[in-house]
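Asker: sequence first, then the predicted structure, then my questions.
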Amino acid sequence: QVQLVESGGGLVQTGDSLRLSCAASGRTFSRYNMAWFRQAPGKERDFVAAIKWGSGRTYYADSVKGRFTISRDNAKNTVYLEMNSLKPEDTAVYYCAADPTTYSYIDSEYDYWGQGTQVTVSS
């Protein structure tokens, strides 16, 4: 079982940068695929980025490719989302997700979720 706690959200301006962190409990964190999703008010939860355990292979939504970077530090049981050149449309609650088998953009395939952290980008 894995418990996830996100942090690092806040209110920023267009063009600013922000780094989200997701701290995970559990000794086998290094064997979990990790992902970030986001949900804007009144919208469905959308995939942002994923990172595979072992290879560290990454995968991004087209809307964030080139601006966001997902990374992980297995020694710290933490996954990060570095967000640059933020836009108002990036405003959402950002969720961290984990799963030992899936490496996917489909949120229902992930077993473990954090509580979310709010990111607001003002214009």
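Answerer: The structure has been received and is ready for your questions. Only a predicted model underlies this, so the values are computations on that prediction, with no experimental measurement involved.
Asker: do I have it right that residue 95 meets residue 39?
Answerer: Yes. Judged on CB atoms under 8 Å, residue 95 makes contact with residue 39 at a distance of 7.1 Å. To be clear about C-beta, it is placed using only N, CA and C from the backbone, and glycine gets the same treatment.
Asker: neighbour count for these two, which is higher?
Answerer: For the pair residue 95 and residue 39, the greater number of neighbours falls to residue 95 (23 against 15), based on other CB atoms under 10 Å.
Asker: in which helix or strand does that one reside?
Answerer: Using DSSP states H and E, residue 95 sits within strand 92-99.
Asker: each with direction, which strands does that strand pair with?
Answerer: Partner strands for strand 92-99, per DSSP bridges, with pairing direction: strand 33-39 (antiparallel), strand 112-113 (antiparallel), strand 117-122 (antiparallel).
Asker: okay, residue 54: pLDDT?
Answerer: The per-residue pLDDT reported for residue 54 equals 87.
Asker: re earlier: and for residue 95 and residue 39, which residues touch both?
Answerer: With contacts defined as CB atoms under 8 Å, 6 or more residues apart in numbering, the residues shared by residue 95 and residue 39 are 45, 116.
Asker: before we move on, back to that, deepest of the strands paired with strand 92-99, which one?
Answerer: Of all these, strand 33-39 carries the top mean neighbour count, a mean of 25, counting by mean count of other CB atoms under 10 Å.
Asker: what is the rounded mean pLDDT of the next helix or strand after that one?
Answerer: Scanning forward in sequence from strand 33-39, with DSSP H and E defining helices and strands, the next element found is strand 45-51. Rounded to a whole number, the mean pLDDT of strand 45-51 is 98.
Asker: tell me which residues in whichever helix or strand comes after strand 45-51 are buried?
Answerer: Moving toward the C-terminus from strand 45-51, the first helix or strand encountered (DSSP H and E) is strand 58-60. Using 16 or more other CB atoms under 10 Å as the burial criterion, the residues of strand 58-60 that qualify are 59, 60.
Asker: can you tell me the SS state at residue 75?
Answerer: Assigned with DSSP: H, G, I helix; E, B strand; the rest coil, residue 75 falls in the helix class.
Asker: apart from its neighbours in sequence, what residue is nearest the residue nearest the centre of the chain?
Answerer: Central residue check for the chain by CA atoms, centre = their mean: the C-alpha nearest the mean position is that of residue 36, 2.4 Å away. The shortest distance from residue 36 to any residue that is not its chain neighbour, by CB to CB, 6 or more residues apart in numbering, is 4.2 Å, and that residue is residue 48.
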